[in-house]
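[1] This is a predicted model, with the sequence first.
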Amino acid sequence: IAENKLLEWLNSDNGVLPEAGAVYYTWLKTGANAEKIVQRLNQWQQANPHHPDSYRIAQLTRGECQSTDKFYPDLPITLRSLNLTHARKFTDFATTFSIPADPKLGQWVVILGENGVGKTTLLRCLILALRNVEKRDIWPQYAFTDWENVNASDAAKPEIKVETNNKQFLTRIPAPGEVEQEPRIENNSVYPLFAYGCRRGSALGGALRAVEMGGGMEVATLFDEGAALVHAETWLKELDGDAAKSEQGKALFDSVITALKSMLMVENVFVKDMLVWVQEAGKQAVPFRYLSDAYLTTAGWFLDLLARWLHMARQENIAVNANFMAEMRGLVLIDEIDLHLHPRLQIDIIPRTRKLLPQMSFVVTTHNALTLLGAQPEEIRILREEAGVLTMTPGVEPPQLLTPAQILHSYFGIDGYRPSDIGRALKRYAFLADFSLRNDAEEAELMQLRATLDAANSLPDWEITPREILDVETSADAATGMAGESDDTPA
């Protein structure tokens, strides 16, 4: 079928390239019409230099590409499974991930779990499995140490196995600082790979205001809290300088600025007087460096990702145009994607990222209920530890159909609208203070609650409804009726 599609195209005047898979498959599997194929594909590539398949076609016609197993993938990356043996807290752990129904869309995995349960360790395990361990110069210091399982014998060695896009990768750590990997990874990583730790810093970068691209910095902050992101203002000013030199540079700069405005939900971002300025709706513009930590942290990882991906694209001779974000493919790991964000921004962080980078795949962690409103239940994974055993379960209920309190219950195991002891005491106090038919025991309880709330500086300025003393039978009937009311009855 693939060959017939291609031959039909070759013998027509149709300038629209058939399905890319048909072209690649035919080129790799058949020698028929080879000369004609090369000639026609060359013509097409020259006429369509900015098409997403252009670089791939150029490779094929030069005979450089004889395998579909390459660094830059034709389709978004999908993680299928993760198995950990004796890796820190994970003694014998296995989980699978949901694959997107549309193969042209990136995968999202949103990991939940209590502090210290192992979410960051999971992200680091993915890096160790999918990155070249032989190139020690691209790794942060101490990346290969402290991986032993505290509950296992000395003979138990950590192993990490990841299946992605139908291929398995295995990393073993036989001794501290020693690492083995199967199969051998030729490039720095299996695919374009980027990672950001929860102490990743911000768009202000380091003290040197540097834009450093080498040395494995694309994953450094996940392991090293001293590692810096790209200095965003310096990079944006470089792009602004390129915009003045060519139409392509201007299109690229405009594309980045438009995406940054969408990501931060601001009205305008511009360069003036050698500074980057940001303007929120209805407010005066301020220098980029004056933004809040929420803006700077989000802009930090987002602009770092764009800068490093574009650097990678230049190294790999990948064609880049103004619509490059829609065509970006790779795997991004972010510990606490919503760090410092206001609830309004938490709600939108996943949908906005998904819209801007539709083919990029993400594995992120969060502790925020509102962030889940941007995820589907099959994308959510809940990491739990019970009796020393770690398990991961998928989400069930769509977060979009739940209230924040219901999300806290279903996904975070928090019961009640006011989970603290003081919150529950305040709710009970509100009910009893308004209940005129309270009996002697309830009156004593009300006074005790009053003292408790007062000691906690949480006593509200409410007027207590005076008691109505009824005969014993009537009072008992009233109390029975009130006892049947829901605990959620408004005060």
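    That came through fine.

[2] what's the pLDDT at residue 85?
    Note for residue 85: predicted pLDDT of 93.

[3] Compute the distance from the centre of the host helix or strand of it to the centre of its chain.
    Counting by DSSP states H and E, the element that carries residue 85 is strand 79-87. Relative to the chain's own centre, strand 79-87 is displaced by 19 Å; criterion: Cα atoms, centre = their mean, to the nearest Å.

[4] Show me the residue at the heart of the protein, geometrically.
    In the chain, the centroid-proximal residue (Cα atoms, centre = their mean) is residue 364; its distance is 3.3 Å.

[5] Distance check, that residue against residue 397.
    Distance of residue 364 to residue 397, given as Cβ to Cβ, to the nearest Å: 20 Å. Heads up, the C-betas are built off the backbone N, CA and C, glycines and all.

[6] Tell me who's in contact with residue 395.
    372, 375-382, 410-411 (Cβ atoms under 8 Å, 6 or more residues apart in numbering).

[7] From residue 298, how far out is residue 260?
    10 Å.

[8] More neighbours: which of these two?
    More crowded of residue 260 and residue 298, by other Cβ atoms under 10 Å: residue 298, with 27 against 24.

[9] Touching, the more buried one and residue 262? I think so.
    No - the criterion here is Cβ atoms under 8 Å, and residue 298 misses it with residue 262 at 11.4 Å.

[10] ranges for the strands of the stretch 101-250 of the chain?
    Assigned by DSSP state E, counting those that start in this stretch, the strands in the stretch 101-250 of the chain fall at 108-112, 159-164, 167-175, 178-182, 193-196.

[11] what about those, which gets the closest to residue 250?
    strand 193-196 (26.0 Å; Cβ to Cβ).

[12] List the buried residues for the closest one?
    Residues 193-196 are the ones in strand 193-196 that count as buried (16 or more other Cβ atoms under 10 Å).

[13] pLDDT and distance to residue 254 added to those residues, as JSON lines?
    Shown next, in JSON lines, are these (pLDDT from 0 to 100; distance: Cβ to Cβ, whole Å):
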{"residue": "193", "pLDDT": "95", "distance to residue 254": "28"}
{"residue": "194", "pLDDT": "96", "distance to residue 254": "23"}
{"residue": "195", "pLDDT": "95", "distance to residue 254": "28"}
{"residue": "196", "pLDDT": "95", "distance to residue 254": "25"}
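
[14] can you pull the pLDDT of the closest residue to residue 459 other than its chain neighbours?
    Counting by Cβ to Cβ, 6 or more residues apart in numbering, residue 453 is the residue found nearest to residue 459 once chain neighbours are left out, at 4.2 Å. Looking at residue 453, its pLDDT stands at 92.

[15] is it true that residue 402 touches residue 408?
    No - counting by Cβ under 8 Å, residue 402 sits too far from residue 408 to count as a contact (9.2 Å).

[16] for the stretch 101-250 of the chain, which spans come out with low pLDDT?
    Residue ranges of the stretch 101-250 of the chain with pLDDT under 70: 150-155, 166, 206-211, 214-215.

[17] hmm, back to that, so can I have CSV of the strands of the stretch 101-250 of the chain showing distance to residue 83?
    Shown next, in CSV, are the strands of the stretch 101-250 of the chain (distance: least, Cβ to Cβ, whole Å):
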stretch, distance to residue 83
strand 108-112, 15
strand 159-164, 4
strand 167-175, 9
strand 178-182, 14
strand 193-196, 19
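
[18] Tell me where the stretch 201-350 of the chain has helices.
    Ranges of helices within the stretch 201-350 of the chain are 232-243, 247-264, 293-315, 324-327, 343-356, based on DSSP state H, counting those that start in this stretch.

[19] how many degrees apart are the last one and helix 293-315 in direction?
    Per axes from the mean of the first three to the mean of the last three Cα atoms, to 10 degrees, the angle that helix 343-356 makes with helix 293-315 is 10 degrees.

[20] buried set for helix 343-356?
    For helix 343-356, by 16+ other Cβ under 10 Å, it's 345-350, 352-354, 356.

[21] Angles on the backbone of residue 404, please.
    Residue 404 adopts backbone torsions of phi -50, psi -40, taken as degrees, to the nearest 10.

[22] For residue 115, see how far away it is.
    When residue 404 is compared with residue 115 (using Cβ to Cβ), they lie 20 Å apart.

[23] Residue 382 against residue 411, yeah?
    Yes - with contacts counted by Cβ under 8 Å, residue 382 reaches residue 411, the gap being 6.5 Å.

[24] which neighbours do the two share?
    112, 395.

[25] What's the local residue count around residue 199?
    Residue 199 has 14 nearby residues by other Cβ under 10 Å.

[26] which ones are touching it?
    So residue 199 contacts 221, 225 (Cβ under 8 Å, 6+ apart).

[27] do that again at 10 Å, thanks
    221-222, 224-227, 335-336, 339 (Cβ atoms under 10 Å, 6 or more residues apart in numbering).

[28] Buried subset of the residues you listed as a ChimeraX selection?
    Here is the ChimeraX command that selects the buried residues among the contacts of residue 199 (16+ other Cβ under 10 Å):
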select :221,222,224,227,335,336,339
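
[29] ok, so of the contacts of residue 199, who is nearest residue 329?
    Among those, and counting by Cβ to Cβ, the member closest to residue 329 is residue 222, at 20.1 Å.

[30] you'd agree that closest one is up against residue 200?
    Yes - assessed by Cβ atoms under 10 Å, residue 222 is found in contact with residue 200 at 7.9 Å.

[31] any residues in contact with both of these two?
    With Cβ under 10 Å, 6+ apart as the test, residue 222 and residue 200 both reach 334-335.

[32] coming back round to it: please identify every residue contacting each of residue 298 and residue 262.
    Here residue 298 and residue 262 have 352-353 as joint contacts, going by Cβ under 10 Å, 6+ apart.
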